[in-house]
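**Student:** what follows is a protein structure lacking sequence information:
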């Protein structure tokens, strides 16, 4: 009886959804020093902050280059509808660098979005940002 009750609870309990993944708003890159020495000078690499400027969705590993076209595509919003059973990778892109950040999309995610948002009380160019999430 206990086994039957435990099975019933497991089958009827709502599935716990995985936490959504969200692109980091910016990344900080510290360059490597590869400068030929100059007498009297010392190269000092400085970290640079690069803001999020977009997102891409891949079917599988990004190295396989299966970059998916958004189901909804505009200057302000990209939306990808996800199919169950696929192994997706969400890639965040950053302004001024070729560095990307990549994360596996949770198996139970239904869609990924990349939305350009505007902050009303700030002046350009610092009044827009990208919100990129899979949930």
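**Tutor:** Nice, I can see it. If you're wondering where the values come from, they're calculated on a predicted model, not measured in any experiment.
**Student:** going forward, measure contacts between C-alpha atoms and count neighbours the same way
**Tutor:** Noted.
**Student:** quick one, strands of the chain?
**Tutor:** For the chain, the strands defined by DSSP state E occupy 21-22, 26-29, 48-59, 67-68, 72-73, 77-81, 88-94, 100-104, 111-118, 128-134.
**Student:** tabulate those strands (TSV), appending mean neighbour count and distance to residue 39.
**Tutor:** Below are the strands of the chain laid out as TSV (neighbours: other C-alpha atoms under 10 Å; distance: least, C-alpha to C-alpha, whole Å):
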stretch	mean neighbour count	distance to residue 39
strand 21-22	17	46
strand 26-29	14	27
strand 48-59	19	26
strand 67-68	15	47
strand 72-73	12	53
strand 77-81	18	51
strand 88-94	23	35
strand 100-104	15	36
strand 111-118	19	47
strand 128-134	20	43
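**Student:** got any ranges where the chain has weak pLDDT?
**Tutor:** Across the chain, the ranges flagged by pLDDT under 70 are 1-18, 122-127.
**Student:** can you redo the strands of the chain as CSV with distance to residue 40?
**Tutor:** Formatted as CSV, these follow (distance: least, C-alpha to C-alpha, whole Å):
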stretch, distance to residue 40
strand 21-22, 46
strand 26-29, 26
strand 48-59, 25
strand 67-68, 48
strand 72-73, 53
strand 77-81, 51
strand 88-94, 35
strand 100-104, 36
strand 111-118, 47
strand 128-134, 42
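**Student:** wait, which of those strands is closest to residue 38?
**Tutor:** strand 48-59 (23.3 Å; C-alpha to C-alpha).
**Student:** gap between the closest one and the chain center?
**Tutor:** 6 Å (C-alpha atoms, centre = their mean, to the nearest Å).
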